[in-house]
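In: A structural model of the following input is requested.
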Amino acid sequence: MSPLYPRPLLLCAALSLLPGFLDAQDQGASSTQGLASELTDKFDPSKDTFETEVLNERAGNVLKEIAHGFELPHPIDGDRFRAFLDPGFRCDPLVRSEVEVVFEDDSFTVTRSSRPETPDAQRLQGAEGFAEGLGRLFGRWEGTNHVRSKLKLWRIEQIDAGFETEVLVQILAQAEGRAAQHSASWHCTWSLPAAGDPLPRLIDVRIEDVEEVVSRAGSTLFSDCTASVLGKTGPYPSQVLPGINHWTARLSNQIGMQMFGHHGLAVGDADGDGLEDLYVCDGGGLPNRLYLQQEDGTVVERARQLGLDWLDLSTSALWLDLDQDGDQDLVVSTLARLLICVNEGSTGFRLAGSFRAVTEPYSLAAADYDLDGDLDLFLCGYGAGAEGTEGPHRGLGDSAVSPVPYHDANNGGANALLRNDGDFEFVDVTDPVGLGQNNSRFSFAAAWEDFDDDGDPDLYVANDFGRNNLYENRGGKFVDIAEEAAVQDIASGMSVAWGDYDRDGRMDCYVSNMFSAAGNRVTYQRRFAESSSEDTIDKVQRMARGNTLFHNAGDGTFHDVSEEAGVTMGRWAWSSGFADLNNDGWQDLVVTNGYFTNEDSGDL
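Out: Below is the predicted model of the structure:
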């Protein structure tokens, strides 16, 4: 089932269903049909008086049909849209005559436009006018042979005799060797559905902001080479391609297989040949894989031969030289233990030690925090688990405690700092160095950086369900200064990356969170959480906003510049990184996003 609501609402829905479920169990199997009906009713917005969600569902169906019309062969016929538009429909021109070129190089051009209200004489009218506007839009991308589009409704408000929505529009047009991406914000006015007709009608569309990225012929920056690189290895067709549904139906979560795919990877030179290799973690019951790069750019898989094919649920890995002998050792975080492996050259890797550091491990980060010349390890622990559920046979999240309160939880698992004492011996120094402060949150990821330029690495920790940590390193001791530095970022922290995006010499911070269209709609309705304080509602609304870019002010504080930089909407963002993708000297942002969407079986 696709995530129709943000996680706060899913949790509330689940809690509200629990009493009915227990009652149904007491009544026996004969009540199953009644329970199914109750579940259907409780997930049906028309039954819980959330009128705006009913309107959202129906308007969303209209938007899907309109988007489908974009993807059909051209030229576009206005009759395709007539059934979805009010007879008096009007729309701003879809192509702006006044645009600002914000970036241009040999590969592509980026333009933006945002201007005041369009005069009535210049507006498109009716289905024919809308089709004409689309024809002008697509006509500029001559030779387009493939179009994908998405119209996503993310804000809704009822008005007299209708309702208004904010819609994110993305259209990707591709042709041989070139592509164009059109992103816009539409303010839409709708009429209410007429009697006997489930669909509302679009009355008016105001185009508020437009951004276009157009590549030049033959200058595509990236192309998918997965199959050409991995395709000839056995694990690619047998282990990778079948997908998560295949494996969760065949491997029990008792051995650590779970559907969410929280498995990291690491890139490093495993065999010392000067080529970067790839280590990929996997779910319980499936072996981790080591892909060694060859001179021709392909890979061979050698995890078993080199002693790295563990079957434990693995969440993250790091290549790093722990013993300073010039080669890359490997650290792998599994659900059972942290595995520390020494690189012994041609003979492979030897398990030099293991560490039971945290209950529910997620990601790893390494730095020489005490400046003694070797690398120390920081391990994020997510949930606190539940009594009797620890150990290698529990899947991540299977028995973790629920975050309380949901928007500002402080009942998660503990993180751990492991000091490197040489000879692959590590000591847990979390509490002695001060990292025990605020160390009970749902930590997803951490990143080291000397943000204050005093010569030692500081640590930012991104936490799910609430506020983050920024631990300032003061001579090997740490103090959480996130509140004073204004980087707590109460949201759904998934990852953190450091980079000097404005080239002022100071390291800035980008945090991946969660943009939720449903959260932006529902939490802004007047009847949402009516008994909660305004401060609580503000924090829950903030959880749906998206990613955050913090600008380093240079005085120990940061400024949230996310919205003015245009980097909040990274969708359901899991991991982000700064990288100069086009070698122009400026740090770009790469955001990985998505969420597990299963087939709708109709079981509700």
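In: Let me see the mean pLDDT of stretch 574-593.
Out: Averaged across stretch 574-593, pLDDT comes to 90.
In: how far out from the middle of the chain is it?
Out: Remark: stretch 574-593 is offset 15 Å from the chain centroid, using C-alpha atoms, centre = their mean, to the nearest Å.
In: May I see the buried residues of that stretch?
Out: Within stretch 574-593, the residues scored as buried using 16 or more other C-beta atoms under 10 Å are 574, 575, 576, 577, 578, 587, 589, 591, 593. Using the backbone N, CA and C atoms, a C-beta is placed for each residue, glycine as well.
In: now do stretch 177-184
Out: Neighbour counts over stretch 177-184 (16+ other C-beta under 10 Å) mark 178, 179, 180, 181, 182, 183, 184 as buried.
In: Contacts for the strand or helix carrying residue 317, please.
Out: Per DSSP states H and E: residue 317 is located in strand 314-320. Strand 314-320 is contacted from outside by 262-270, 279, 281-282, 288, 328-335, 361-366, 375, 377, 396, using C-beta atoms under 8 Å, 6 or more residues apart in numbering.
In: Reformat the buried residues of stretch 177-184 into a markdown table and put pLDDT, distance to residue 485 and secondary structure next to each item.
Out: Formatted as a markdown table, the buried residues of stretch 177-184 follow (pLDDT from 0 to 100; distance: C-beta to C-beta, whole Å; DSSP: H, G, I helix; E, B strand; the rest coil):
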| residue | pLDDT | distance to residue 485 | secondary structure |
| --- | --- | --- | --- |
| 178 | 78 | 44 | strand |
| 179 | 84 | 40 | strand |
| 180 | 87 | 41 | strand |
| 181 | 89 | 35 | strand |
| 182 | 91 | 38 | strand |
| 183 | 92 | 32 | strand |
| 184 | 92 | 35 | strand |
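In: Okay, the spatially closest residue to residue 213 that is not a sequence neighbour and residue 219: tell me how far apart.
Out: Among residues not flanking residue 213 along the chain, residue 181 sits closest, at 4.6 Å (C-beta to C-beta, 6 or more residues apart in numbering). Separation of residue 181 from residue 219 (C-beta to C-beta, to the nearest Å) stands at 14 Å.
In: Could you do residue 112 as well?
Out: Per C-beta to C-beta, residue 112 is found 20 Å from residue 219.
In: Looking at the two, which is more packed in?
Out: residue 112 (16 against 13; other C-beta atoms under 10 Å).
In: Let me know the secondary structure of that one.
Out: Look at residue 112: counting by DSSP: H, G, I helix; E, B strand; the rest coil, its state is strand.
In: Could you list which residues are in contact with the residue nearest to it when sequence neighbours are not counted?
Out: Using C-beta to C-beta, 6+ apart and skipping the chain neighbours, the partner closest in space to residue 112 is residue 211 (4.8 Å). Counting by C-beta under 8 Å, 6+ apart, residue 211 touches 110, 111, 112, 182, 183, 184.
In: Could I get the full set of helices for the stretch 101-250 of the chain?
Out: 126-139, 226-230, 235, 244-248 (DSSP state H, counting those that start in this stretch).
In: Tell me the buried residues in the last one?
Out: Of the residues in helix 244-248, 247, 248 count as buried by neighbour count, 16+ other C-beta under 10 Å.
In: Given the strand holding residue 317, what are its sheet partners and their directions?
Out: Partners of strand 314-320 in the sheet, by DSSP bridges, are strand 329-334 (antiparallel).
In: which is the next helix or strand following the strand it pairs with?
Out: Next along from strand 329-334, by DSSP H and E: strand 338-343.
In: got a list of contacts for that next one?
Out: Here strand 338-343 has contacts from 270, 307-308, 310, 322-323, 327-333, 349-357, 361, 377, 379, 418, 424, 426, using C-beta under 8 Å, 6+ apart.
In: ok, now how distant is the residue of the chain most remote from its centre from residue 113?
Out: Taking C-alpha atoms, centre = their mean, the residue of the chain most remote from its mean C-alpha position is residue 121, at 42.4 Å. Counting by C-beta to C-beta, the gap from residue 121 to residue 113 is 19 Å.
In: How about residue 556?
Out: Where residue 113 is concerned, residue 556 sits at a distance of 38 Å (C-beta to C-beta).
In: And the strands in the stretch 101-250 of the chain, which stretches?
Out: 108-113, 124-125, 146-159, 162-175, 178-191, 201-215 (DSSP state E, counting those that start in this stretch).
In: Which among those strands is found nearest to residue 139?
Out: strand 162-175 (10.8 Å; C-beta to C-beta).
In: what are the pairing partners of that closest one, and which direction each?
Out: The pairing partners recorded for strand 162-175 under DSSP bridges are strand 146-159 (antiparallel), strand 178-191 (antiparallel).
In: Comparing those, which comes out most buried?
Out: strand 178-191 (a mean of 19; mean count of other C-beta atoms under 10 Å).
In: where's residue 87, which helix or strand?
Out: Applying DSSP H and E, one finds residue 87 within strand 85-91.
In: That strand: how far from the chain's middle?
Out: For strand 85-91, the distance to the chain centre is 36 Å (C-alpha atoms, centre = their mean).
In: likewise stretch 327-344?
Out: 27 Å.
In: Quick check: end-to-end length of it?
Out: 9 Å (C-alpha to C-alpha, to the nearest Å).
In: Same check on stretch 496-512?
Out: The straight-line separation of the ends of stretch 496-512 (C-alpha to C-alpha) is 6 Å.
In: average pLDDT for it?
Out: 96.
In: what does it contact?
Out: Contacts for stretch 496-512 (C-beta under 8 Å, 6+ apart): 445-447, 449-451, 453, 460-462, 468, 487, 489, 491, 493-495, 547-554, 558, 565, 567, 570, 573-578, 585-587, 589, 591.
In: Enumerate the positions of it that are buried.
Out: Neighbour-count burial for stretch 496-512 flags 496, 497, 498, 499, 501, 507, 508, 509, 510, 511, 512 (criterion: 16+ other C-beta under 10 Å).
In: cool, and stretch 405-420?
Out: 406-410, 412-420.
In: how about a markdown table for those residues, with distance to residue 241, pLDDT and secondary structure added?
Out: Formatted as a markdown table, these follow (distance: C-beta to C-beta, whole Å; pLDDT from 0 to 100; DSSP: H, G, I helix; E, B strand; the rest coil):
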| residue | distance to residue 241 | pLDDT | secondary structure |
| --- | --- | --- | --- |
| 406 | 36 | 77 | coil |
| 407 | 38 | 80 | coil |
| 408 | 41 | 86 | coil |
| 409 | 37 | 87 | coil |
| 410 | 41 | 87 | coil |
| 412 | 34 | 88 | coil |
| 413 | 33 | 89 | coil |
| 414 | 37 | 93 | coil |
| 415 | 35 | 95 | coil |
| 416 | 36 | 95 | strand |
| 417 | 39 | 97 | strand |
| 418 | 36 | 96 | strand |
| 419 | 42 | 97 | strand |
| 420 | 39 | 96 | strand |
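In: rewinding a little: what's the closest of the strands of the stretch 101-250 of the chain to residue 528?
Out: Comparing the strands of the stretch 101-250 of the chain against residue 528 with C-beta to C-beta, the closest turns out to be strand 146-159 (12.2 Å).
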